[in-house]
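Visitor: Predicted model and sequence follow; I will ask about them next.
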Amino acid sequence: MRIRVKICGFVEPVALDAAIQAGVDAVGFVLDPSPRQLSLEDAAALIAAVPPDVDTVAVVGRPSLEELREIRERLAPRWIQIMADALPLVEARPGLRLIPAFQDGPDLLERVNTYQAETAQERPLVLVDGRQPGSGIQAEWDRVAALAEGTRLVLAGGICADNVAEAIASVKPYGIDLSSGVESVRGRKDPQLITEFMAAVRAAEAGQ
């Protein structure tokens, strides 16, 4: 089973190039307040260096519809990742390729099921993070695993080279998303950690 990998929060070209060379499937650029926050101009400069076979993802929290449209027009990302509770109304979504990010919690399955019903997609792409997105805190994998069959589930939160094999075996996600797990300094990606993480993912795939 091939696992898609998205690494989020690039701020400099050296680490971005290392991720591309290591074989990531998607790269994320954070536009909200964060140690990894970029301006639209800086994000555009980095996105320009990403080859077409790697998805670009603009990562936002709870933007307005006007802000979403500006991001689409100025950055032309493959996807825009947005907090699930800030999704625009269904009728306003055409033309916006959105990945909803759900915070883990006791009602997680209910919230994802509601989203799936309103989108009328058989296996929608969804991301599930810990209760504090961006904090590196894990979601409860046993609960999240229940979503793996009905969605294209991207698992985030507290994942690194040391535990990614366990995450894949426990949850069986469509993809893995991480940020701090490949940082040696907060907010700055480490090319060596990226290489080690990708090697760990491929080894875990081989063991499935």
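Guide: On my side now, so go ahead.

Visitor: then the helix or strand that contains residue 154 to PDB, C-alphas only?
Guide: Assigned by DSSP states H and E, residue 154 belongs to strand 152-155. C-alpha atoms of strand 152-155 as PDB (Å, rounded to 0.1, in the frame of the first residue of the first chain):
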ATOM      1  CA  ARG A 152      -9.000   9.400   1.700                       C
ATOM      2  CA  LEU A 153      -7.700  10.000   5.200                       C
ATOM      3  CA  VAL A 154      -4.600  12.000   5.800                       C
ATOM      4  CA  LEU A 155      -3.300  11.500   9.300                       C
END
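
Visitor: Tell me what the residue most central in space within the chain is bridged to.
Guide: The structure's the chain has its C-alpha centroid closest to residue 177; by C-alpha atoms, centre = their mean the separation is 4.5 Å. Note on residue 177: beta-bridge partners residue 6, judged by DSSP bridges.

Visitor: which residues does it contact?
Guide: By C-beta atoms under 8 Å, 6 or more residues apart in numbering, the contact set of residue 177 is 5, 6, 7, 8, 28, 127, 129, 154, 155, 156, 159. Quick note: C-beta positions are derived from backbone N, CA and C, even for glycine.

Visitor: quick one: what helix or strand has the nearest residue to residue 86 once chain neighbours are set aside in it?
Guide: Distances taken as C-beta to C-beta, 6 or more residues apart in numbering put residue 62 closest to residue 86, at 3.7 Å, once the chain neighbours are dropped. Assigned by DSSP H and E, residue 62 belongs to neither a helix nor a strand.

Visitor: Run through the protein and note the low-pLDDT ranges.
Guide: Low-confidence segments of the chain (pLDDT under 70): 131-136, 208.

Visitor: can you list contacts of stretch 24-32?
Guide: Counting by C-beta under 8 Å, 6+ apart, 4-10, 16, 19-20, 36-38, 40, 43, 46-47, 50, 54-61, 71, 75, 77-79, 81, 175, 177, 179, 194, 198 sit against stretch 24-32.

Visitor: For it, list every residue counted as buried.
Guide: 24, 25, 26, 27, 28, 29, 30, 31 (16 or more other C-beta atoms under 10 Å).

Visitor: Identify the farthest-apart pair in the residues you listed.
Guide: 25 and 31 (20.5 Å; C-beta to C-beta).

Visitor: before we move on, the earlier item: with distance to residue 90 and secondary structure added, can I get the buried residues of stretch 24-32 in a markdown table?
Guide: Shown next, in a markdown table, are the buried residues of stretch 24-32 (distance: C-beta to C-beta, whole Å; DSSP: H, G, I helix; E, B strand; the rest coil):
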| residue | distance to residue 90 | secondary structure |
| --- | --- | --- |
| 24 | 31 | coil |
| 25 | 27 | coil |
| 26 | 24 | strand |
| 27 | 28 | strand |
| 28 | 24 | strand |
| 29 | 26 | strand |
| 30 | 26 | strand |
| 31 | 23 | coil |
